[in-house]
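A.B. asks: no sequence for this one, just the structure:
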Ligand SMILES: Cc1ncc(COP(=O)(O)O)c(C=O)c1O
C-alpha cells in the first residue's frame, strides 16, 4: 500500500523566474525547452537519424573541427569525460593529467578507476600550468593520454591549450580536453589546438539543460578506440571480430560501440535520449545563429562587467586575473559575512542563485557565472545590485550604486 497523499505531489512547478548566476547550470533558453517537447521517435527512425546527422554537423561548427566523430554521449558532462578516458586507457597505460582544480582531480580519479598509472603536472588552485611544463612532462613520461581541463569552474581559471596537439604527437600521446564550462562561451578551437578528444555539457554556455554531453574525436583517437573494439555479443554479426586488446571497461561508455551507433551502421547500442538530442540541436542552432565570435565577445564583456562591479563594491576577485575564464568569477567572501547566508538571501529575496565552492576554497569564495543567455548587461547589473543590497543586510556596506555604475561603464566602453 502506498502512503502517498491522494493528490500525489501536484504538477511540477519550479520557480520559473530564478536567475541562475552560479557556475552552471544557467537558465535554459525557451527555444530549447520548446524543442524538448517535440515528439519522441524511435532511434532507428530515418527522420530521427537525420536529426542525429544534423546534430553532428552543427557540433562540428561549434567545436570548430572537421572531426567526423562529433556526436553526443547521453548523461551529464562527466559521462563524456568517462567515455573518453575509459575508451582510450587500458589497465597499465599512463595518463598525464594537467591539474589545478577540482576537475583536474576528477580526471585523476577517473584515470585511477581506468586502472591507469596517473602522472600529474599541476599548479596551485587559482593558477594555470605553463604549457612548457606540460611539454617537458609529456616528453619525459610518454603517456598514452594527456588529459586537461579548459575552464575549471572550481577555480574559474582557463588553462591555455595552444600547442597541445604538437606536445601530444611529439610524445606519442593522445590528448583529451574537458571543455564543459567553456564551449559556447570562450573559444574552443579543437582543430587549432590539435586536441584529439574534447567534450562538454549543455548546461553552461550552451544554454541547455544538463543530461547530454557533446564530444568530438579525431581520426587518430578513433583509430585507438576502434583497435579496442569488442561488439556486444547480442548484436555482433559474423564479421565483427573482437580485437586482441582488453575490452573497454564500460559497456555504456564504450566509444567504439557508440561510434558504430552514430555511423551509417546504426548499431543498436543504447536507446538514444531523443529529447536531449533535440535540446542539443537547438542549443547549437542558437549558438551558431548568434555567431561564435559575437557570442564569445558577449561573454567576455559580461565577465569584465561582473569583475568591475565586484571590485567597485570593495570585494576581491579570486585567482590569476590574466587567465580567468570569461564566464565565471570567484569572489572572496569578506570577513564577517556568512557566505551561505548571503547566498540564501540572494535566492530567497532576489530570486538569484550564485555558487558556493569546494575543497580548499569551501567557505572562502563565491562563484558567479555569466553564461549563455545570462551573459547580458541587465542580468549582470541586477545581480550586482542585489548583491550590494544583500551584503548590506549581512553587515557589509559597499559604496551605494558603485557596482552597477562600474558594470555599466564596461558596457558603455564596449559599445553596449
Ligand atoms: C569543468 C567541469 N567539468 C566537469 C563538470 C561535471 O559536469 P556534470 O555535473 O555535468 O557531470 C563540471 C560541472 O560543473 C565542470 O565545471
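C.D. replies: Right, received. Where do you want to start? What you are looking at is a predicted structure, and each value in this text was computed from that prediction instead of being measured. Numbering: from 1, shown residues only.
A.B. asks: can you give the contact residues for stretch 5-23?
C.D. replies: Outside of stretch 5-23, the residues within contact range by C-beta atoms under 8 Å, 6 or more residues apart in numbering are 26-27, 153, 156, 181, 204, 328, 347, 351-355, 367-370, 374, 379, 382-383. Glycine gets a C-beta too; all of them are placed from N, C-alpha and C.
A.B. asks: could you pick out which of the residues you listed are near the ligand?
C.D. replies: Restricting the contacts of stretch 5-23 to those within reach of the ligand (C-beta under 6 Å from any ligand atom) leaves 153, 181.
A.B. asks: got the residues of the protein near the ligand?
C.D. replies: Among all residues of the chain, those adjacent to the ligand (criterion: C-beta under 6 Å from any ligand atom) are 24, 76-78, 103, 149, 151-153, 178, 180-181, 201, 210.
A.B. asks: residue 268: which of the residues you listed is nearest?
C.D. replies: Nearest to residue 268 among these, counting by C-beta to C-beta, is residue 76 at 23.5 Å.
A.B. asks: find the nearest non-adjacent residue to that closest one, please.
C.D. replies: Across the structure, with C-beta to C-beta, 6 or more residues apart in numbering as the measure, the residue nearest residue 76 apart from its sequence neighbours is residue 210 (4.8 Å).
A.B. asks: tell me where the stretch 151-300 of the chain has helices.
C.D. replies: Defined through DSSP state H, counting those that start in this stretch, the helices belonging to the stretch 151-300 of the chain, from first to last, are 164-170, 190-193, 219-226, 255-262, 274-290, 292-312.
A.B. asks: break the protein into its domains for me.
C.D. replies: Structurally, the chain divides into domains by automatic domain parsing as follows: 30-287, 292-413.
A.B. asks: now the end-to-end length of the shortest one.
C.D. replies: To tie it back to what came earlier, the one meant is domain 292-413. 21 Å (C-alpha to C-alpha, to the nearest Å).
A.B. asks: ok so, going back, can you lay out the domains of the chain as a markdown table showing mean neighbour count?
C.D. replies: Output for the domains of the chain, formatted as a markdown table (neighbours: other C-beta atoms under 10 Å):
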| stretch | mean neighbour count |
| --- | --- |
| domain 30-287 | 20 |
| domain 292-413 | 19 |
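A.B. asks: want to throw these into TSV with mean pLDDT?
C.D. replies: Rendered in TSV, the data for those read as follows (pLDDT from 0 to 100):
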stretch	mean pLDDT
domain 30-287	96
domain 292-413	98
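A.B. asks: for the ones you listed, give me a markdown table that also has distance to residue 20.
C.D. replies: Converted to a markdown table, those look like this (distance: least, C-beta to C-beta, whole Å):
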| stretch | distance to residue 20 |
| --- | --- |
| domain 30-287 | 9 |
| domain 292-413 | 5 |
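A.B. asks: ok, the residue nearest the centre of the chain - contacts?
C.D. replies: Within the chain, one residue has its C-alpha closest to the average C-alpha position: by C-alpha atoms, centre = their mean, that is residue 180, at 1.2 Å. Counting by C-beta under 8 Å, 6+ apart, residue 180 touches 24, 77, 81, 103, 151, 153, 199-201, 204, 213.
A.B. asks: not counting its neighbours along the chain, what's nearest it?
C.D. replies: Closest residue to residue 180 apart from its sequence neighbours, by C-beta to C-beta, 6+ apart: residue 77 at 4.0 Å.
A.B. asks: my read: the one you found touches residue 212, true?
C.D. replies: No - between residue 77 and residue 212 there is no contact under C-beta atoms under 8 Å: 9.3 Å.
A.B. asks: shared neighbours of the two, anything?
C.D. replies: Shared contacts of residue 77 and residue 212, defined by C-beta under 8 Å, 6+ apart, comprise residue 201.
A.B. asks: contacts for the helix or strand encompassing residue 60?
C.D. replies: With the criterion set as DSSP states H and E, the secondary-structure element containing residue 60 is helix 46-62. Contacts to helix 46-62, defined as C-beta under 8 Å, 6+ apart, come from residues 41-43, 66-67, 70-72, 183-184, 206, 214, 216, 262, 266, 272, 274, 277-278, 280-281, 284-285, 287-288, 292.
A.B. asks: if you set the cut-off to 6 Å instead, what comes out?
C.D. replies: Identification of contacts with helix 46-62 by C-beta atoms under 6 Å, 6 or more residues apart in numbering yields 41, 70-71, 214, 277, 280-281, 284, 287-288.
A.B. asks: and those residues, which is closest to the ligand?
C.D. replies: Comparing the contacts of helix 46-62 against the ligand with C-beta to the nearest ligand atom places residue 214 closest, at 11.6 Å.
A.B. asks: what about the strands in the stretch 51-200 of the chain?
C.D. replies: Secondary structure of the stretch 51-200 of the chain, counting by DSSP state E, counting those that start in this stretch: strands at 69-74, 94-99, 117-122, 145-149, 151-152, 157-158, 174-178, 197-199.
A.B. asks: could you pull out the helices for the stretch 301-416 of the chain?
C.D. replies: If DSSP H, counting those that start in this stretch is used as the criterion, the helices of the stretch 301-416 of the chain fall at 339-350, 377-393, 402-414.
A.B. asks: adding distance to residue 57, write these out as JSON lines.
C.D. replies: Output for the helices of the stretch 301-416 of the chain, formatted as JSON lines (distance: least, C-beta to C-beta, whole Å):
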{"stretch": "helix 339-350", "distance to residue 57": "39"}
{"stretch": "helix 377-393", "distance to residue 57": "31"}
{"stretch": "helix 402-414", "distance to residue 57": "32"}
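A.B. asks: for the ones you listed, which one sits closest to residue 255?
C.D. replies: Each of the helices of the stretch 301-416 of the chain was checked against residue 255 via C-beta to C-beta, and the shortest separation belongs to helix 377-393, namely 37.0 Å.
A.B. asks: and the closest one, how far out from the chain middle?
C.D. replies: Distance of helix 377-393 from the chain centroid (C-alpha atoms, centre = their mean, to the nearest Å) equals 26 Å.
A.B. asks: returning to what we had before: out of the residues of the chain next to the ligand, who's nearest residue 230?
C.D. replies: Using C-beta to C-beta, residue 78 comes nearest to residue 230 of these, at 23.4 Å.
A.B. asks: how about the nearest residue to the closest one, chain neighbours excluded?
C.D. replies: Closest residue to residue 78 in three dimensions, ignoring its sequence neighbours and counting by C-beta to C-beta, 6+ apart: residue 106, at 7.0 Å.
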